[in-house]
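Participant: A predicted structure for the sequence below; I have some questions about it.
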Amino acid sequence: MPKSKPWLPWLILAVLAITWGSSFILIKRGLEIFTSGEVGALRVVITWLFLLPFALKRLKVLNRRLIGLFVFVGIVGSLAPAFLFAAAQKGIDSSLAGILNSLTPLFTLLVGVLFFKSKPKWFNIAGVMIGLAGAMGLVSVSGTGNFTVNIGFALLIIIAALLYAINVNTVKGFLQGVDPITITAMSFFMIGPFAAVYLVGFSPFVNTINNNSQALAGIGYLAILAIVGTGLALMLFNRLIQLTSAIFASSVTYFIPVVAVLWGIGDGEKFNAGFLIWILLVISGVLLVNTKSLTENRFSRFVIRIFSGK
């Protein structure tokens with residue numbers, strides 16, 4: 001993290017939380033018109049077209065090693081999750097979706113330790129658990145508190161969270177020296193044509209366009225999701241991975257329920273005092289995840305004292 005700009009990762013984290021916390025409503029709107037496969041493919045194809053000019057300018061950076069990495073990052077970090085989340089939102093309630101999505105930092109920690117020789121300190125691990133508890137509590141008090149489980153749809157989000165964790169560790173471990181625009185643009189350059197072939201040749205997209213008067217509106221919702229929530233957001237996310245740790249970057253998923261709650265309050269939903277407690281727990285957990293030493297800053301020491309009882 002640049003010493004002169006210690007606030008930059010937190011600013012990026014906040015922007016990503018707001019962006020991705022607002023994305024589920026766009027997916028929902030898209031699913032009202034298109035199938036889950038069409039939504040996943042459209043998200044990838046539109047992002048690919050948006051990033052194509054960036055990718056064409058960077059073709060000279062390609063070599064055999066980078067081609068393989070960009071294909072891998074494109075599949076596990078974007079292509080597969082786009083289809084998995086669209087399919088899952090057909091049969092899972094938002095509360096459970098929020099909890100399962102918040103497993104990403106935990107998976108990031110486990111994948112890093114098992115395969116990338118990551119060595120987090122005990123308080124970083126505690127931060128992952130505290131942040132997860134805060135996210136679970138927040139979605140509980142903001143909903144019915146009854147998490148209806150459909151194992152099949154829940155498994156789709158769990159797989160997507162695991163893929164995100166693998167992607168974050170891959171970018172951190174093997175693409176640290178590549179600028180984030182190149183990582184994002186070239187990964188979509190590799191996977192975009194496959195999504196386009198599926199969309200036009202193997203999905204009912206053409207029929208939907210010809211017969212559904214709301215199709216263009218649906219494409220509009222998904223274009224916002226693709227350009228802002230995928231293309232631009234992934235550039236920021238890849239930069240965040242390089243500035244901080246893989247675990248800290250993935251902890252953005254803890255803030256997604258926070259943003260969802262704030263959207264609900266802004267839309268006239270009743271404020272619950274429990275919101276503030278769980279939000280503070282989420283923030284405390286993320287602070288511990290990003291702490292390198294117990295004496296790093298006053299706030300970190302304060303959080304440690306609270307949870308250690310000292």
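Facilitator: Perfect, thanks for sending it. Keep in mind it's a predicted model, so treat the numbers as computed, not measured.

Participant: what about stretch 262-281, how long is it end to end?
Facilitator: Stretch 262-281 has an end-to-end distance of 16 Å (C-alpha to C-alpha, to the nearest Å).

Participant: How about stretch 246-256?
Facilitator: By C-alpha to C-alpha, one end of stretch 246-256 lies 17 Å from the other end.

Participant: Stretch 49-62 now?
Facilitator: 19 Å.

Participant: So which bits of that stretch are buried?
Facilitator: L49, F50, L51, F54, A55, R58 (16 or more other C-beta atoms under 10 Å). Yep, even glycine has a C-beta here, placed from its N, CA and C like the rest.

Participant: check contacts around V113.
Facilitator: For V113, the contacting residues are K119, P120, by C-beta atoms under 8 Å, 6 or more residues apart in numbering.

Participant: on that earlier part again, counting only helices, which of the buried residues of stretch 49-62 make the cut?
Facilitator: Among the buried residues of stretch 49-62, DSSP state H puts L49, F50, L51, F54, A55 in helices.

Participant: doesn't S187 make contact with the last one?
Facilitator: No. With contacts defined as C-beta atoms under 8 Å, A55 does not count as touching S187, sitting 9.1 Å away.

Participant: tell me the secondary structure for the residue positioned nearest the centre of the chain?
Facilitator: Centroid-nearest residue in the chain, with C-alpha atoms, centre = their mean: T253, separated by 6.0 Å. At T253 the chain is in helix, as set by DSSP: H, G, I helix; E, B strand; the rest coil.

Participant: Relative to I219, how far out is it?
Facilitator: T253 sits 27 Å away from I219, going by C-beta to C-beta, to the nearest Å.

Participant: Check what pLDDT A249 gets.
Facilitator: Confidence at A249, expressed as pLDDT, is 91.

Participant: Could I get the contacting residues of it?
Facilitator: By C-beta under 8 Å, 6+ apart, the residues touching A249 are L13, V168, K172, F237, L240, I241.

Participant: again, 7 Å this time
Facilitator: V168, F237, L240, I241 (C-beta atoms under 7 Å, 6 or more residues apart in numbering).

Participant: Skipping its backbone neighbours, what lies nearest the second one in space?
Facilitator: The reference is to F237. Spatial nearest neighbour of F237, chain neighbours left out: L16 (5.9 Å); criterion: C-beta to C-beta, 6 or more residues apart in numbering.
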